[in-house]
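K.L.:
Sequence and predicted model, in that order:
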Amino acid sequence: MTLLKTYKKDFSSKNKPPVVSVVGISKKFPGSIALDGVDFTILEGEVHALLGENGAGKTTLVKILYGIYVPDRGEIYVRGRKAQINSPKEAIRQGIVMVSQVPQLIDKLTVAENLILGLEKYGFITRVGKVRYFIREKSREVGIEVDPDTEVWKLSYTQKQLVELLRALLLNAKVLLLDEAITFLPLIEKKKFYKFIRDFANKSGSVILITHKIYEALEVADRITVLRLGRVVGTVPRSKVSPDVVRKMMFAERSSQVTYERLPMSTPRESAALEISDLWVMGDHGDHAVRGVSLTLRAGEVMGIAGIAGNGQKELIQAIVGLRRVEKGRIRLYSEDITNRSVSKVRIRGVGYIPDQPAKYGLSLENSIEENLAMLPSLTNRLINWGSIRDLARKLIKEFNIMTPSPKTPVKFLSGGNIMKVLVSRELLVARRLLVAYNPTRALDEVTAIMVRKIIKEKASTEGIGVLVASEDLDEILQISDRIAVMNSGRVVRVFSSSEAVRDEIEKLMVM
Amino acid sequence: MKVVLVKRVKPLPLGGLVIPGASIVIGVLISTVVLYVISRADPLVTLSCVASALVSPEIVLTFLFLTILGAALLVAFNGSIWNIGAEGQLWLGTAAATYIALFTALPQAPAIAKVAMVLTAMALGGTWAAVAGVLRAYLSIDEVPVTLIMNYIAYYIINYLVRGPWLGKKTWGYIRTDMIPDQVKFTLLPGSTTVTYEVLIIAVLALIAVYFMLKYTSLGLRIRILGSNPDALKAAGVNVRALIITALTLSGAIAGAMGAAQLAGYLHRISYPIESHTANYGYTAILVAWLSMLDIRAVPIAAYIVSALYQAGISMQIAGISSASATYVFIGAVLLTFTVLRVFSEYSLRVIRG
Ligand SMILES: Nc1ncnc2c1ncn2[C@@H]1O[C@H](COP(=O)(O)OP(=O)(O)OP(=O)(O)O)[C@@H](O)[C@H]1O
Ligand SMILES: [Mg+2]
């Protein structure tokens, strides 16, 4: 509270006018209070970071601004005028546009067609030629090429997110709502997006940026608002705060758990948990994504795979669990050949798997936590004992602090990070011999992410399971790994032991 | 120019019973108009036919048949496997039961024969559906056209049997099989001329079994998840191919059981050609499944309403109030309304230039 008072003076002294103000907004869902009397302003020409632990209410707040949810109480003012935003259409009319982390484009249409569709839906009429020209110009400006006439399914994730952003610009956005829309981009491209956002703000646009990467938020944002349990903890200018202060606001006393120190080495056993020899795997686009990878992972060891997204990590992991065909080479799990075995055969042997698209390959969002546990063959028999599944669900909810009204609530009603917690906790449970994971802490807040890393490390040490973690987040790799393999263009270019690993050197190998 | 359906960011707030309820009401109103236009049926008379069908004892057998088939379809539909083939599956069930009743020695032990009739009917109905399951699971061939085409193949096979090897000896010129022996006919409920104990038992068992399966077995849970996220199932280590085949097989087997019940409890023989003797329950049941919103507990309610509409159509035809098949006007109108409401609650139509 004191924080709030001291800083209030500070930003009233800035003479940027507020574009959007939110006054006393509350929103309840069955079983949870997502927002509870939130006051919040966005000034013209600012990048405003919205931070908070998983389930704090960030997504709910921007969804209210975008007219997807209607608040139970409170008012929204756009340029000083009271606004009734009860549909995205109305939000767009007011110049407020949301870009979500999941691209909403239609795959079989071209980029230009998608954008035109997006425009007409909201009553904007433009010429096709103009849209094409706009796409070419802007994508060049950002530095990520997008051909307006390619069909969307051919685009990379980065390109799709750029198209989403261009859609927002074409809609004449004055306020951009970015709900972890940039978080999952590869580092280099992320920088281009951040530069683009800064430019947008400098030309008097406004941006709300939701992210769990505190350092990034501190780098690009002008002001930071922290939410906690649906309330505003405070709004502070970047210049006045350090990461530690922000963390205190986000997590209170739990903020002391945040550390990026290397976790203590585990003690690898003699036996190899996973042996991969000369592995070749096809990618989605008809060429080899994994090109002759050989790795040995000991039981009790955590191996990190560093690399920029799209260098074969995803395909390597999918091949291990049996989701992707191996063209050549062998995979052995505790000396047993599992090359090209079905997923069921691999998983039943005690293999946990955290996929890169949790909502697609991890969980069924329509179903409850209980059902998402019971769907795993290794956790149920033919007859489901719902009683014991419920106990298990309760245990995980408690251990991982999963915010949910009940174990029976469909997972889609949880916040993004809490959905991820369901997946991660389940897979840690079934990983009796091996865990393969891709970005295991994506969407998690810092405290939870670090807790998950500690649990993984501990499982490796005490239970002696092998762990293979691919991540685009180098901090994560450095913190968790006993050894680090760097992947580039489908090959493992070098393996470091954790003591000899140097950040700069790894980064160089990643982009080489 | 392209026309596309775009998923709404925010689905229209039409929860629970709104869509099925509204489609019944709107569908019936549309039917009154259609029947007025095509055969000058007074809308008030049409409505009163519907009302009296709701309390008519004649709908009980249709209700039971549709309940069994509704349960059958739910097994597949809950996994987004669109089994349009209940019609063929049930008729092959009828054929299997006929075979046991007429061409084996089993009827000498009637109780065993009755059980055997139902079980072989289930086996054949299940196998027939499994073919579509295998094609879908291994070759990714859409089950909708396959199961539909297989209905016609089933008709063809049975027509062939009835005209040829199964043609009866005492048929007075009709092309049909002999009557099944009296001792394997199902036992009528006291006071009823159509409803038997056995069909009642099959309907109750089908409902309980499907309810239990969907709720308490991992098979049922996986079928439900198959409907929303097959990729997650696969990554969890579930054999999705086997799952698809199993779901279709069970669905076909339950439909097959209804086929046996229709033979032993009501038809007692098969007449040629099937096309003009079938009541098309296999297709009508699709409406039952939809109106239940794929909730097994709502299947009897949906079956009750649909059987009433079915009966209303028949009585209008018999009374000469409408010339056309009023039954199909009712069923079609409700189904169409339901589909339109469903689609437009979640999607909006867009036209793109360019
Ligand atoms: N559609 C919904 N139905 C029910 N509850 C919801 C719904 N959306 C959000 N909630 C609840 O509201 C709370 C806030 O969720 P919200 O998604 O806003 O969190 P968040 O700050 O975005 O978290 P995260 O960092 O995990 O994405 C959560 O407890 C969540 O369970
Ligand atoms: Mg969120």
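P.N.:
Looks like it arrived, so ask away. Ligands and ions are numbered 1, 2, ... in the order given.

K.L.:
What segments of the stretch 251-354 of chain B are helices?
P.N.:
Ranges of helices in the stretch 251-354 of chain B, per DSSP state H, counting those that start in this stretch, are B:274-277, B:281-291, B:299-318, B:326-346.

K.L.:
right, so of those, which gets closest to ligand 1?
P.N.:
helix B:326-346 (16.1 Å; C-beta to the nearest ligand atom). Every C-beta, even on glycine, is put in place using the N, C-alpha and C of the backbone.

K.L.:
Buried residues, the closest one. List them.
P.N.:
B:326-335, B:337-338, B:341-342, B:345 (16 or more other C-beta atoms under 10 Å in any protein chain shown).

K.L.:
same deal with stretch B:269-280?
P.N.:
Neighbour-count burial for stretch B:269-280 [16+ other C-beta under 10 Å]: B:R269, B:I270, B:Y272, B:I274, B:T278, B:A279.

K.L.:
any chance of those in JSON lines, plus pLDDT and distance to B:N78?
P.N.:
What follows is the buried residues of stretch B:269-280, written out as JSON lines (pLDDT from 0 to 100; distance: C-beta to C-beta, whole Å):
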{"residue": "B:R269", "pLDDT": "93", "distance to B:N78": "35"}
{"residue": "B:I270", "pLDDT": "95", "distance to B:N78": "32"}
{"residue": "B:Y272", "pLDDT": "90", "distance to B:N78": "36"}
{"residue": "B:I274", "pLDDT": "92", "distance to B:N78": "29"}
{"residue": "B:T278", "pLDDT": "92", "distance to B:N78": "26"}
{"residue": "B:A279", "pLDDT": "91", "distance to B:N78": "25"}
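
K.L.:
which of these sit farthest apart?
P.N.:
Pairwise distances across the buried residues of stretch B:269-280 (C-beta to C-beta) peak at 15.9 Å, for the pair B:Y272 and B:A279.

K.L.:
Within range of ligand 2, give me the residues from chain B.
P.N.:
Chain B comes close to ligand 2 at no residue, as judged by C-beta under 5 Å from the ion.

K.L.:
Tell me which stretches of chain B form strands.
P.N.:
Secondary structure of chain B (DSSP state E): strands located at B:2-7, B:347-352.

K.L.:
circling back: kindly reformat the helices of the stretch 251-354 of chain B as a markdown table containing distance to chain A.
P.N.:
Shown next, in a markdown table, are the helices of the stretch 251-354 of chain B (distance: least, C-beta to the nearest C-beta, whole Å):
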| stretch | distance to chain A |
| --- | --- |
| helix B:274-277 | 38 |
| helix B:281-291 | 18 |
| helix B:299-318 | 21 |
| helix B:326-346 | 14 |
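
K.L.:
Would you mind giving these as TSV with distance to ligand 1 added?
P.N.:
Shown next, in TSV, are the helices of the stretch 251-354 of chain B (distance: least, C-beta to the nearest ligand atom, whole Å):
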stretch	distance to ligand 1
helix B:274-277	50
helix B:281-291	26
helix B:299-318	28
helix B:326-346	16
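
K.L.:
Where is the longest helix in the chain?
P.N.:
I went with chain A, as the question did not name one. What stands out as the longest helix in chain A, according to DSSP state H, is helix A:446-463.

K.L.:
Not quite, go with chain B.
P.N.:
Per DSSP H, chain B has its longest helix at helix B:110-139.

K.L.:
hang on, the earlier thing: from the buried residues of stretch B:269-280, pick the one nearest B:A154.
P.N.:
Each of the buried residues of stretch B:269-280 was scored against B:A154 by C-beta to C-beta, and B:I274 proved nearest at 8.2 Å.

K.L.:
if we can go back for a sec, can you tell me which of the helices of the stretch 251-354 of chain B comes nearest to A:K240?
P.N.:
Ranking the helices of the stretch 251-354 of chain B by proximity to A:K240 (C-beta to C-beta) places helix B:326-346 first, at 46.8 Å.

K.L.:
Export only the CA atoms of the closest one, formatted as CSV.
P.N.:
Taking Å, rounded to 0.1, in the frame of the first residue of the first chain, the C-alpha atoms of helix B:326-346 are listed here in CSV:
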residue,chain,number,x,y,z
ALA,B,326,-45.1,-36.6,-42.2
THR,B,327,-42.7,-38.6,-39.9
TYR,B,328,-39.7,-37.5,-41.9
VAL,B,329,-40.9,-33.9,-42.0
PHE,B,330,-40.9,-33.8,-38.2
ILE,B,331,-37.6,-35.6,-37.8
GLY,B,332,-36.0,-33.6,-40.6
ALA,B,333,-37.2,-30.3,-39.3
VAL,B,334,-36.1,-30.8,-35.8
LEU,B,335,-32.7,-32.2,-36.9
LEU,B,336,-32.1,-29.3,-39.2
THR,B,337,-33.1,-26.7,-36.6
PHE,B,338,-30.8,-28.4,-34.1
THR,B,339,-27.9,-28.4,-36.5
VAL,B,340,-28.4,-24.8,-37.4
LEU,B,341,-28.6,-23.7,-33.8
ARG,B,342,-25.6,-25.7,-32.8
VAL,B,343,-23.4,-24.4,-35.7
PHE,B,344,-24.4,-20.8,-35.2
SER,B,345,-24.0,-20.8,-31.5
GLU,B,346,-20.3,-21.6,-32.1
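
K.L.:
who's in contact with the closest residue in space to B:T284 that isn't next to it in sequence?
P.N.:
Nearest non-adjacent residue to B:T284, counting by C-beta to C-beta, 6 or more residues apart in numbering or on different chains: B:I331, 5.8 Å away. By C-beta atoms under 8 Å, 6 or more residues apart in numbering or on different chains, the contact set of B:I331 is B:T284, B:L287, B:V306, B:L309, B:Y310, B:G313.
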